[in-house]
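> next come a sequence and a model predicted from it.
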Amino acid sequence: MRKKNTGPITVPIEKVELEDHSYHILVAVEVNGIAGDMIIDTGASVTVADRQLFPRFEEPEEAVKIQSGSITGEIKDVQVMHTESFQIGSIQLQEMCIALIDLDYVNKMYKKHLNRKVIGLLGSDFCIRHGIIIDYPHLTLTISQQD
């Protein structure tokens, strides 16, 4: 049986500069056993993961539809996945629903500027549900509400 998490948890975040004065904030996560960085994107309405990391995912017959877009236009071929596990920092959160999209455009930018890859975007759905507080000066993220 999993121990229930209590109280706020603070985890480190990383500020990366892609170009002059163009920043992203990253946090280390593990989704279904796959560890990597997610971009904290409060402008994203839902949390998404790179579909290339979950190739064996099978969309259920009654798939949940998510309308998705970016500042460059509509994002096509969105699938929905219920995670088996989602860990951030030292806490294991209950399963959650995330969208799977092609993040190739994001990873091309990261490879060009930083020679690294991200596994997804941590969206406002997660931030609101868990009462996220981002402390930019100290580069920490506090999870106030846990499942």
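Yep, that arrived.

> quick one: mean pLDDT over the helix ranked longest in the chain.
The residue-count maximum for a helix in the chain (DSSP state H) belongs to helix 104-114. Computed over helix 104-114, the mean pLDDT rounds to 90.

> ditto for stretch 124-142
Across stretch 124-142, the average pLDDT comes to 96.

> what does that stretch rub up against?
8-15, 25, 27, 40-47, 93, 96, 143-146 (CB atoms under 8 Å, 6 or more residues apart in numbering). C-beta: built from backbone N, CA, C; applies to glycine.

> now restrict the residues you listed to buried residues only.
When neighbours are counted using 16 or more other CB atoms under 10 Å, the contacts of stretch 124-142 contain these buried positions: 9, 13, 25, 27, 40-41, 44, 46-47, 93, 96, 143, 146.

> for the residue most central in space within the chain, phi and psi?
To find the centre residue of the chain, average its C-alpha atoms and take the closest one (CA atoms, centre = their mean): that gives Leu122, at 2.9 Å. Per-residue torsions, Leu122: phi -90, psi 110 (degrees, to the nearest 10).

> tell me the contacts of it?
By CB under 8 Å, 6+ apart, the residues touching Leu122 are Val27, Val29, Met38, Ile39, Ile40, Asp41, Ala44, Thr47.

> please report the distance of the third one from Gly123.
The spacing between Met38 and Gly123, counted by CB to CB, to the nearest Å, is 9 Å.

> what sits in contact with each of those two?
Counting by CB under 8 Å, 6+ apart, the residues touching both Met38 and Gly123 are Thr47.

> coming back round to it: and the longest helix of the chain, how far out from the chain middle?
Relative to the chain's own centre, helix 104-114 is displaced by 16 Å; criterion: CA atoms, centre = their mean, to the nearest Å.

> list the buried residues of that helix.
For helix 104-114, a neighbour-count test (16+ other CB under 10 Å) marks Val106, Asn107, Tyr110 as buried.

> ok, and what's touching it?
Outside of helix 104-114, the residues within contact range by CB under 8 Å, 6+ apart are Val16, Leu18, Glu19, Ile39, Asp50, Gln52, Arg116, Lys117, Val118, Leu121.
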